[in-house]
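Undergrad: sequence and predicted model, in that order:
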Amino acid sequence: MRATYDTMDKKQQGSKVDFIIGSVIPDRVNVVERQKVADILNTIAFGNARMHRNWIPDILMRVLQTPADSRLVAIPGTVCGLLYKMSSPQFQPIHVKPLEFCAIGSGLGITVEIKRSADWIFAGQPGNDMMESVALREAVSQFIASNGLETVGGHYPCVKIDQRGVGCLGSVQRLPLYAISLSYDAQTMRWIQENQSTGKKMELQYPWEIDPTTMKDDNRFDDWWDAVEHFNPLRAKKKVSSASI
């Protein structure tokens, strides 16, 4: 990667590029910092969490039942997850610890929104992929609306990596005007947005397939925003006003 980037850079074809890589080690368990678990619990206990609740996941309590001087705690029954990012030109792996998060590219600032939803993402019901992905998507949605960034239709692809492999988590949102879905077609290896009320469909392109200099049509899937505006005009207005700043 370094050699290829160096060659392109010498030809003035290189631009900044980042990667986020996720994987698991099935025969090892996750090890977390006890203090990070305590911080999440305090956020919930003092009512500062985005999702208010009257319950605490058992897995958090088991971690906090370990001796107070324990710095690292292994969690039985889990799978060790690895997350790291690499950036040009050196592509040096930067490890992201369990219960931490990162972002790259135009979404770099989204970590602020993810931190606000961290208790929902990290400390929900164990194994509840829906809750975790909804919380992550909501953080992305809030960041997009606040910064006026271009979107891919309001629904965001989400994947989960565990001992079973890579799981592509779709979503369906039903509003009075439309029901909008995002799903992954394993045969074509494409994410597909669909307006289930009208039958309109659109495939998402991969970033390396998009060349703004050669694109003739500006195809958009605004059905989700139209449905949101119909249901909650204030949220849609936030998008418009933030985009004009």
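TA: Alright, I've got the coordinates. Numbering: from 1, shown residues only.
Undergrad: output the lowest mean pLDDT helix or strand found in the protein.
TA: helix 233-244 (a mean of 48; mean pLDDT, DSSP states H and E).
Undergrad: would Glu113 count as being in a helix?
TA: Yes - Glu113 sits within a helix when classified using DSSP: H, G, I helix; E, B strand; the rest coil.
Undergrad: longest helix anywhere in the protein?
TA: helix 129-147 (DSSP state H).
Undergrad: paired strands for the next helix or strand after that one, with orientation please.
TA: Under the assignment DSSP states H and E, the closest C-terminal helix or strand after helix 129-147 is strand 158-162. Note on strand 158-162: by DSSP bridges, its sheet partners are strand 165-169 (antiparallel).
Undergrad: just how off-centre is the partner strand within its chain?
TA: Remark: strand 165-169 is offset 13 Å from the chain centroid, using C-alpha atoms, centre = their mean, to the nearest Å.
Undergrad: the inter-axis angle of that strand versus helix 129-147?
TA: Interaxial angle, strand 165-169 versus helix 129-147 (axes from the mean of the first three to the mean of the last three C-alpha atoms, to 10 degrees): 60 degrees.
Undergrad: now do strand 165-169: everything it contacts.
TA: Asp129, Met130, Ser133, Pro157, Cys158, Val159, Lys160, Ile161, Tyr184, Ala186, Trp191 (C-beta atoms under 8 Å, 6 or more residues apart in numbering). Quick note: C-beta positions are derived from backbone N, CA and C, even for glycine.
Undergrad: now swap in stretch 41-57 and tell me
TA: Leu60, Leu64, Arg116, Ser117, Ala118, Asp119, Trp120, Ala123, Gly124, Gln125, Pro126, Ala135.
Undergrad: next: stretch 83-97.
TA: For stretch 83-97, contacts defined as C-beta under 8 Å, 6+ apart pick out 1-2, 5-6, 9, 14, 16-22, 33, 36, 82, 100, 102, 104.
Undergrad: tell me how far that stretch lies from the chain's centre.
TA: Taking C-alpha atoms, centre = their mean, the mean C-alpha location of stretch 83-97 is offset from the chain mean by 18 Å.
Undergrad: so for that stretch, first residue to last residue, what's the gap.
TA: From its first residue to its last, stretch 83-97 covers 7 Å (C-alpha to C-alpha, to the nearest Å).
Undergrad: what comes up buried for it?
TA: Leu83, Lys85, Met86, Ser88, Val96 (16 or more other C-beta atoms under 10 Å).
Undergrad: among the contacts of stretch 83-97, which lie within strands?
TA: Asp18, Phe19, Ile20, Ile21, Gly22, Glu33, Leu82 (DSSP state E).
Undergrad: re earlier: let's see which of the buried residues of stretch 83-97 end up in strands.
TA: Short answer: those in strands (DSSP E) are Leu83, Lys85, Met86, Val96.
Undergrad: thinking again about what came up before, farthest-separated two in the contacts of strand 165-169?
TA: Met130 and Ala186 (19.6 Å; C-beta to C-beta).
Undergrad: for Trp191, which non-adjacent residue is closest in space?
TA: Spatially, and ignoring its direct neighbours in sequence, Trp191 is nearest to Leu204 (4.3 Å; C-beta to C-beta, 6 or more residues apart in numbering).
Undergrad: quick one: which of the buried residues of stretch 83-97 is nearest Ser171?
TA: Nearest to Ser171 out of these is Leu83 (C-beta to C-beta; 21.9 Å).
Undergrad: which of the contacts of stretch 83-97 are buried?
TA: Neighbour-count burial (16+ other C-beta under 10 Å) applied to those gives Tyr5, Glu33, Lys36, Cys102.
Undergrad: tell me the contacts of Gln193?
TA: 152-153, 155, 180-182, 201-204, 221, 223-224.
Undergrad: now these in a markdown table, with neighbour count and secondary structure?
TA: What follows is these, written out as a markdown table (neighbours: other C-beta atoms under 10 Å; DSSP: H, G, I helix; E, B strand; the rest coil):
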| residue | neighbour count | secondary structure |
| --- | --- | --- |
| Val152 | 17 | coil |
| Gly153 | 18 | coil |
| His155 | 25 | coil |
| Ile180 | 26 | strand |
| Ser181 | 18 | strand |
| Leu182 | 25 | strand |
| Lys201 | 13 | strand |
| Met202 | 16 | strand |
| Glu203 | 12 | strand |
| Leu204 | 17 | coil |
| Phe221 | 22 | coil |
| Asp223 | 24 | helix |
| Trp224 | 23 | helix |
